[in-house]
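**Student:** how would this look folded up:
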Amino acid sequence: MQAHERHEANHDWLKDYIRDIPDFPQKGVTFKDITPLLADKKAFTYTIDAIAHHFDRDEIDKVLGIEARGFIVAAPLAYRFTAGLIPVRKKGKLPWQIESEEYELEYGTDRLEVHKDAISPGERILIVDDVLATGGTARATAKLTERVGGKVAGIATILELGFLGGRSRLEGYETFSLIRY
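**Tutor:** Numbering: from 1, shown residues only. Below is the predicted model:
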C-alpha cells in the first residue's frame with residue numbers, strides 16, 4: 001500500500017505535550033519545546049509507535065538521527081526496526097573520516113557530517129529529527145545519505161512548522177510528521 005493510500009490517524013492530541021516558549025532563541029520566535037512529550041510515557045511511546053507504524057511496510061536498514069533531538073527519536077526507532085543507528089552531527093564532532101554537506105540557515109550556513117563508512121551502498125535509511133521547519137537540515141541530510149550510497153526510505157519528524165514551507169524542499173522524499181502547525 002502506498003503512503004498516500006493509507007489513512008493516517010489524528011495525532012493532534014500530542015500538541016497538548018508541546019510547550020510554546022515565546023521569544024526563544026530570539027525575540028519574535030516561538031520555540032516548540034518537545035521535552036514535555038519526551039517526559040510523558042504515553043505520549044513518547046505513542047510517538048515512537050506511530051512513526052514506526054507509518055514506515056512498517058519498508059525494510060529499514062538504518063535509522064539516521066539528526067543532532068541533537070533527532071537522536072532521542074532515532075534510537076528507539078532503530079531498536080523497533082532491528083536496524084542500525086547513525087548519528088549525523090554538526091561540523092567537527094565526529095572522530096573519524098567524514099562526508100559533509102553544507103546547508104543554509106536563516107543567517108549564514110552550517111555543515112552536517114556523517115562517518116564515511118556509516119552507510120553501505122543500497123541500504124535503506126530512515127532520517128529522523130524532532131522538527132521540520134525550513135527543510136534545510138533534512139534536505140542536506142538526505143543529500144548526504146545519498147552521497148555515501150544510501151537510499152532514503154523516508155524522513156520522519158515529530159512536528160512540522162508548515163508555515164515555513166520546509167516540506168516543499170523535500171520533494172521526491174516521503175515525509176511524515178505526526179503533528180503540524
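**Student:** Helices of this protein, start to end?
**Tutor:** 35-39, 41-54, 69-81, 136-147 (DSSP state H).
**Student:** Turn the ones you listed into JSON lines, columns for distance to Pro121, mean neighbour count and mean pLDDT.
**Tutor:** C-beta here means a position set from N, CA and C on the backbone, and glycine is covered the same way. What follows is the helices of the chain, written out as JSON lines (distance: least, C-beta to C-beta, whole Å; neighbours: other C-beta atoms under 10 Å; pLDDT from 0 to 100):
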{"stretch": "helix 35-39", "distance to Pro121": "34", "mean neighbour count": "15", "mean pLDDT": "98"}
{"stretch": "helix 41-54", "distance to Pro121": "25", "mean neighbour count": "17", "mean pLDDT": "98"}
{"stretch": "helix 69-81", "distance to Pro121": "19", "mean neighbour count": "20", "mean pLDDT": "98"}
{"stretch": "helix 136-147", "distance to Pro121": "11", "mean neighbour count": "21", "mean pLDDT": "97"}
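**Student:** can you redo those as a markdown table with distance to Asp12?
**Tutor:** A markdown table is the format used below for the helices of the chain (distance: least, C-beta to C-beta, whole Å):
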| stretch | distance to Asp12 |
| --- | --- |
| helix 35-39 | 13 |
| helix 41-54 | 12 |
| helix 69-81 | 18 |
| helix 136-147 | 22 |
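**Student:** quick one: contacts for Ala156?
**Tutor:** Ile51, His54, Phe55, Val73, Leu77, Leu126, Ile127, Val128, Asp129, Thr175, Phe176, Ser177 (C-beta atoms under 8 Å, 6 or more residues apart in numbering).
**Student:** among the helices of the chain, which is nearest Leu94?
**Tutor:** For these, the distance to Leu94 is smallest for helix 136-147, at 12.0 Å, taking C-beta to C-beta.
**Student:** Packing partners of the closest one?
**Tutor:** strand 62-66, strand 98-105, strand 108-115, strand 124-132, strand 151-160 (3 or more C-beta pairs under 8 Å, 6 or more residues apart in numbering; DSSP states H and E).
**Student:** Now Asp130. Nearest residue, chain neighbours left out?
**Tutor:** Closest residue in space to Asp130, ignoring its immediate chain neighbours: Arg69 at 3.8 Å, by C-beta to C-beta, 6 or more residues apart in numbering.
**Student:** Isn't the one you found up against Thr157?
**Tutor:** No: with contact defined as C-beta atoms under 8 Å, Arg69 does not reach Thr157; the gap is 9.9 Å.
**Student:** Phi, psi for Leu94 please.
**Tutor:** Per-residue torsions, Leu94: phi -100, psi 140 (degrees, to the nearest 10).
**Student:** Can you tell me, leaving aside adjacent residues, what's nearest to it?
**Tutor:** Per C-beta to C-beta, 6+ apart, closest to Leu94 is Glu113, 5.2 Å.
**Student:** If anything else comes up later, I'll come back, but that's it for now.
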